[in-house]
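Undergrad: Build me a structure from this.
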Amino acid sequence: MYIAILAITFSCQGEDSSLEKEMYQKLQSIKTSDKADNPISEYDSLALSLVDYYEHHGSKLKLAEAYYYAGRVFYEQRDFPKSLNFYYKAAKALPDSDTPSLGGVIYSQIGYVFSYQDLSDEAIKAFNQSYQLCKNQNDTLGMIYGLRDMGKELSDHGNYKDAKKMLLESIRLAKAKGIDYMYYGNKSNLAGLYYKLHDYQKARAEINEALTCVYGPDSSGVLATAANIYMTMGMIDSAEYYSKLLLENGTIYARSSANERLAEIALKRGQANEALHYLTIYKNLTDSINETTSTETVAKINALYNYQRQEQENAELRASNQRKNIYLAVACFAILALAFLFIIAYLYYTKNKEAKSLRTEILEQAKKWQQTQAEKALLADRQNKIQAYNICKKFNSLADDSTNKLTTITNTDWQKLEEAINSVYPRFTERLENLCNISTTERQICLLRKINMNPVKIATLLNKSKQSISSSRVRLYEKSFGQKGTPTQWDEYIQSL
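TA: As a prediction, the model looks like this:
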């Protein structure tokens, strides 16, 4: 964090009275704690007393600092309206001729407040203001942070083109000034951006460089980015190595993803006991994250409500109605969350008591991962993407023609279809091949079901009967899982790969 690195020191000249010296020492104590990354949320009384004193005594610079640290205290308390109020007062009170770097820090903190509340446009404006202030004063470190913060905010909201420009410029400045921790940290951010763009080769090149110098506070994000990239590219050993590092050094979110990733790797290798071990830890961490997320969501709703309330006319009259709506929404959210958790718990503890093989149990767990609302949305998005490929349109067009067009489909067409599917569903054919021995016709059926072509059209396209297509899917399920299944069960599994 920029404020943890920027050292703001001032002389004690002009402090004549004992009270002035005492207040100055208190200001220094809160500054020291904050720069050392120690919690200051309990310093609200001290911060307010400093504000009250410097509003009537001392220099404008000390008043600006008092406002700023009051803002920091209330930010840690997640009281964002108060935090913003003090930050804006600090920016207004700051003398034009003194410590211009503090102005950059103030607007950087304003950006973090807006970003936490998902007010992306306001956050970017604040980060840009911080950058411009630092640029005007040749504060390179502040410029690097401003560019990085804008880049990350833009990337989080899908503006990858502008995000890339910001991150590249931040990297250039960090390299020119020899600020290694910012250079390598932003290399990791750039790798994450390329990963979102599915440009895995560039992502791998950037993360490999970032891994040569991992800065302590950034280690979790860097290692998680590396594990994701290597897993997607099929570099299983590297993905496993960095996932295991995260188990000790990662945040709770990184550890959760690492356990899920390690379970998938163990399952792929046939290590059933290990897979179940990682799955159990993954579930426990996910439950903890869900509880935290629910709390933070309510906090964001309340904070955003309070901020918007202060920006409106007739605040007191409107506040009453809006507060009731917030409480109702929170109550509904809590009830729905509890109902959802109850249903999940009920299904989990009342599942079929008949003995199942450990492999089947793990596969059932894997299937449940695919049933969340977020994954359903992702599946729909991927279906839209795959249907947009010309090769998919060609296959669908041929299937709609009542005349047998099998002779018009070449090996190149099948290869293009595989490439299109693998670009949207990474390593699909690799996963398919690892399940069981599969014939050419069975492989073609799986590819066509993956693009959501119905069995009747598949039968037409392959010059087979509908019953033959159904029998092939039943046979595939039995070969893969060692038990009888239905065509629909096989289709569901294909869609989950």
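Undergrad: going forward, measure contacts between C-alpha atoms and count neighbours the same way
TA: OK.
Undergrad: Show the contacting residues for Ile289.
TA: Ile289 is in contact with 252-253, counting by CA atoms under 8 Å, 6 or more residues apart in numbering.
Undergrad: pretty sure Ala91 contacts Gly104?
TA: No: applying CA atoms under 8 Å as the test, Ala91 and Gly104 come out as separate, 9.3 Å apart.
Undergrad: Who has more neighbours out of the two?
TA: Gly104 (30 against 20; other CA atoms under 10 Å).
Undergrad: how close does that one sit to Gly270?
TA: To Gly270, Gly104 is 54 Å away according to CA to CA, to the nearest Å.
Undergrad: Restricting to C-alpha, output the helix or strand where Val113 lies in PDB.
TA: Using DSSP states H and E, Val113 sits within helix 100-116. The C-alpha trace of helix 100-116 is given here as PDB (Å, rounded to 0.1, in the frame of the first residue of the first chain):
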ATOM      1  CA  PRO A 100       2.200  17.600  -2.600                       C
ATOM      2  CA  SER A 101       2.700  13.800  -2.200                       C
ATOM      3  CA  LEU A 102       0.000  13.800   0.600                       C
ATOM      4  CA  GLY A 103      -2.500  15.000  -2.000                       C
ATOM      5  CA  GLY A 104      -1.800  12.000  -4.100                       C
ATOM      6  CA  VAL A 105      -2.200   9.700  -1.100                       C
ATOM      7  CA  ILE A 106      -5.500  11.300  -0.100                       C
ATOM      8  CA  TYR A 107      -7.000  10.800  -3.600                       C
ATOM      9  CA  SER A 108      -5.600   7.300  -3.700                       C
ATOM     10  CA  GLN A 109      -7.500   6.500  -0.500                       C
ATOM     11  CA  ILE A 110     -10.700   8.000  -1.900                       C
ATOM     12  CA  GLY A 111     -10.300   5.700  -4.800                       C
ATOM     13  CA  TYR A 112     -10.100   2.700  -2.500                       C
ATOM     14  CA  VAL A 113     -13.300   3.700  -0.700                       C
ATOM     15  CA  PHE A 114     -15.200   3.900  -4.000                       C
ATOM     16  CA  SER A 115     -13.700   0.700  -5.300                       C
ATOM     17  CA  TYR A 116     -14.700  -1.200  -2.100                       C
END
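Undergrad: Going by residue numbers, what spans are helices in the stretch 251-400 of the chain?
TA: For the stretch 251-400 of the chain, the helices defined by DSSP state H, counting those that start in this stretch cover 252-268, 272-310, 315-349, 358-369, 373-387, 390-400.
Undergrad: Which elements pack onto the shortest one?
TA: Other elements packing on helix 390-400 under the criterion 3 or more CA pairs under 8 Å, 6 or more residues apart in numbering; DSSP states H and E are helix 411-424, helix 455-462.
Undergrad: Now those helices in JSON lines, please, with extra columns for distance to Thr488, mean pLDDT and mean neighbour count.
TA: Listed next are these as JSON lines, based on distance: least, CA to CA, whole Å; pLDDT from 0 to 100; neighbours: other CA atoms under 10 Å:
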{"stretch": "helix 411-424", "distance to Thr488": "20", "mean pLDDT": "91", "mean neighbour count": "16"}
{"stretch": "helix 455-462", "distance to Thr488": "11", "mean pLDDT": "89", "mean neighbour count": "20"}
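Undergrad: and these as TSV, adding distance to Met150?
TA: Formatted as TSV, those follow (distance: least, CA to CA, whole Å):
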stretch	distance to Met150
helix 411-424	29
helix 455-462	49
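Undergrad: This protein - how does it break down into domains?
TA: 2-218, 251-311+318-361, 370-496 (automatic domain parsing).
Undergrad: Looking at those domains, spot the one closest to Thr225.
TA: Of all the domains of the chain, it is domain 2-218 that lies closest to Thr225, at 6.1 Å by CA to CA.
Undergrad: Find the nearest non-adjacent residue to Met233, please.
TA: For Met233, the nearest residue in space outside its immediate sequence neighbours is Tyr200; the separation is 7.0 Å by CA to CA, 6 or more residues apart in numbering.
Undergrad: any shared contact partners between Ala91 and Gly104?
TA: With CA under 8 Å, 6+ apart, Ala91 and Gly104 have no common neighbours.
Undergrad: Confidence-wise, which of the helices of the stretch 251-400 of the chain is weakest overall?
TA: Here the lowest mean pLDDT among the helices of the stretch 251-400 of the chain goes to helix 358-369, at a mean of 51.
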